[in-house]
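Participant: What shape does this take:
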Amino acid sequence: MKRFFENRLKQWCKEPRHLPLMVVGARQIGKTYILKKFCSGYFTEQVYLNFAEQPEYKQFFQPSLNPQEIISRIELFFNKKIDLKKTVLFFDEIQDCEEAIAALKFFAESGENYHIVSAGSLLGVKINRMKSAFPVGKVQLEYLYPMDFEEFLWAMGEEMLAEEIRKCYIADSALPAIIHNKALSLYRTYLCIGGMPAAVSEFVQNGKDLLAFDRQITADILTGYLADMAKYAGETNAAKIHRVYRSMPAQLAKENTKFAYKLVETGGNKEKFQSAIDWLIQANMLLPCVKLEIPQSPLTAYSVDKIFKLYLSDTGLLVSLSRINFNEIIREQMMIYRGFLTENFVAQTLVTHGFDLYFWNSKHSAEMDFILNLQDGIIPVEVKASDNVRSKSLKVYMEKYQPEYAIRISARNFGFENNIKSVPLYAVHCIAER
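Facilitator: Numbering: from 1, shown residues only. Here you go, the predicted structure:
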């Protein structure tokens, strides 16, 4: 279970009055599991409505969205009086019931302190396509992502290692070589498995053996994603969305990872495929990284929206989509794959911890993979898949913009030298904590 997310839920529960909670995230990242576990731990009673499994539940919100009338209909249907102080209402797959989304506004504005949580895949898509107005300011939105590497370590029973990684990050103190190599090995395993809960659970239950891992798990998740495209986007749009998503291994494998429409389709252009890209971003299936003209705060003011990169939400799905053999990752073969998997891993980890993604380049003579707005200022981040860290790009950037320091993510151990903070690949999740 995502511990930081659990803490957010606890905080929400303790508030004297709280807005309805809406959990936004892609399919099969554990939204229902986490919310059910939370609800059972903090409330005596739970009313669970799944609009995908039971479409007839939509009728609770007809003909009116008055909260008292909705509760009355639910009580009559289940033949059970609802104690509002002890009961949480859980609206699952809420994207399938626009009336339930709209009703959240009226629950929030009523005099009662209703306990309402909701979840659903493709909520971003639904919100942008609602016929009625989305209840802006009347719900507490929380974003859930696949498990990051630290959570993977917890699932593996490696909590001592996870704690030591954090200590060394703060102190810029190297891990003993044998422990450093162990952490790198686990990181490469994570690249293979990814952070989808079903995949991690399958891996752990099968003795943490990659040879025994059922790769059909991630393949089935991809199939579910493709099915969602057809269900929620219509046949014409789904075909374009499908092509964009399928093009991602080729997009990331090329030397210049700027998104290229021609790799989606010969002669492809923005006019034809931009709406498909927007759909995938709103569905949390792709993560955008926008170019900065100048790395200066606020970053949004200096972004060039028409020049961007895209990353997949999870490395395990990227490996499955790319049909990469696990041995090639574990033995560090196929350098081209290692490079784009590493960059994708860093991107998804940063997004999981609340960062918007930006990159910078200077007329193709230098490029910074990511630019972060940290407490210490605007900090450049260079990503290397190995321990060979020779590169002119970081030097060019530092001479031009004189940042407080720079971060280099690589297979090297922790350290701080020449104003560069060395962050091992297995410690990217710590960056947000600085």
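Participant: mind giving me the domain ranges of the chain?
Facilitator: The chain breaks down by automatic domain parsing into domains covering 3-143, 216-433.
Participant: Using TSV, please lay out the ones you listed together with mean pLDDT.
Facilitator: Shown next, in TSV, are the domains of the chain (pLDDT from 0 to 100):
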stretch	mean pLDDT
domain 3-143	89
domain 216-433	91
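Participant: closest one to Glu163 among the ones you listed?
Facilitator: Minimum separation from Glu163 across these (CB to CB) falls at domain 216-433, 11.3 Å. (Each C-beta comes from the backbone N, C-alpha and C, glycine too.)
Participant: Let me see the ranges of the helices in the stretch 251-400 of the chain.
Facilitator: 270-282, 315-322, 326-330, 335-352, 393-401 (DSSP state H, counting those that start in this stretch).
Participant: ok, now how distant is the residue positioned nearest the centre of the chain from Asp314?
Facilitator: Geometric centre of the chain, nearest residue: Tyr145, 3.4 Å, by CA atoms, centre = their mean. As judged by CB to CB, to the nearest Å, Tyr145 and Asp314 stand 8 Å apart.
Participant: circling back to that earlier point, which of the helices of the stretch 251-400 of the chain is buried the deepest?
Facilitator: helix 315-322 (a mean of 24; mean count of other CB atoms under 10 Å).
Participant: quick one: contacts of that helix?
Facilitator: 146, 190-196, 199, 215, 218-219, 221-222, 245-246, 248-249, 252, 312, 326, 329, 337, 341, 344-345, 348 (CB atoms under 8 Å, 6 or more residues apart in numbering).
Participant: so how far is that helix from its chain's centroid?
Facilitator: Computed by CA atoms, centre = their mean, to the nearest Å, the chain-centroid distance of helix 315-322 equals 15 Å.
Participant: quick revisit: how about the helices of the stretch 251-400 of the chain, which one is nearest Lys58?
Facilitator: Ranking those by their distance to Lys58 (criterion: CB to CB) puts helix 270-282 first, at 22.4 Å.
Participant: any shared contact partners between Tyr145 and Asp314?
Facilitator: 195, 348.
Participant: Okay, and the beta partners of Glu382?
Facilitator: Partner residues in beta bridges with Glu382, using DSSP bridges, are Arg408.
Participant: From Glu56, how far out is it?
Facilitator: 54 Å.
Participant: Neighbour count: these two, which is higher?
Facilitator: Neighbour count, other CB atoms under 10 Å: between Glu382 and Glu56, Glu382 has more, with 19 against 8.
Participant: check contacts around the more buried one.
Facilitator: Counting by CB under 8 Å, 6+ apart, Glu382 touches 368-369, 389, 391, 393-394, 406-409.
Participant: Let's see that with 7 Å instead.
Facilitator: Contacts of Glu382 were listed using CB atoms under 7 Å, 6 or more residues apart in numbering, and they are 368-369, 391, 393-394, 406, 408-409.
Participant: now for these, which pair is the farthest apart?
Facilitator: Distance extremes for the contacts of Glu382: the farthest pair is Ser393 and Ile409 at 13.4 Å, using CB to CB.
Participant: Which strands or helices does the strand ranked longest in the chain pack on?
Facilitator: Criterion DSSP state E: the longest strand present in the chain is strand 303-312. Other helices and strands packing on strand 303-312, by 3 or more CB pairs under 7 Å, 6 or more residues apart in numbering; DSSP states H and E, are helix 248-253, strand 286-292, helix 335-352.
Participant: Among those, which comes closest to Ala108?
Facilitator: Of the helices and strands packed on strand 303-312, nearest to Ala108 by CB to CB is helix 335-352, at 27.7 Å.
Participant: With just CA atoms, put the closest one into PDB.
Facilitator: Backbone C-alpha positions of helix 335-352 (Å, rounded to 0.1, in the frame of the first residue of the first chain) are rendered in PDB as follows:
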ATOM      1  CA  MET A 335      22.400  -0.200 -24.700                       C
ATOM      2  CA  ILE A 336      19.700   1.600 -26.700                       C
ATOM      3  CA  TYR A 337      17.000  -0.100 -24.500                       C
ATOM      4  CA  ARG A 338      18.900   0.600 -21.300                       C
ATOM      5  CA  GLY A 339      19.000   4.300 -22.100                       C
ATOM      6  CA  PHE A 340      15.400   4.900 -22.800                       C
ATOM      7  CA  LEU A 341      14.200   2.600 -20.000                       C
ATOM      8  CA  THR A 342      16.300   4.600 -17.600                       C
ATOM      9  CA  GLU A 343      15.000   8.000 -18.800                       C
ATOM     10  CA  ASN A 344      11.400   6.700 -18.600                       C
ATOM     11  CA  PHE A 345      12.000   5.400 -15.100                       C
ATOM     12  CA  VAL A 346      13.300   8.800 -13.900                       C
ATOM     13  CA  ALA A 347      10.400  10.600 -15.600                       C
ATOM     14  CA  GLN A 348       7.700   8.400 -14.000                       C
ATOM     15  CA  THR A 349       9.400   8.600 -10.600                       C
ATOM     16  CA  LEU A 350       9.500  12.400 -10.700                       C
ATOM     17  CA  VAL A 351       5.800  12.600 -11.700                       C
ATOM     18  CA  THR A 352       4.800  10.200  -8.900                       C
END
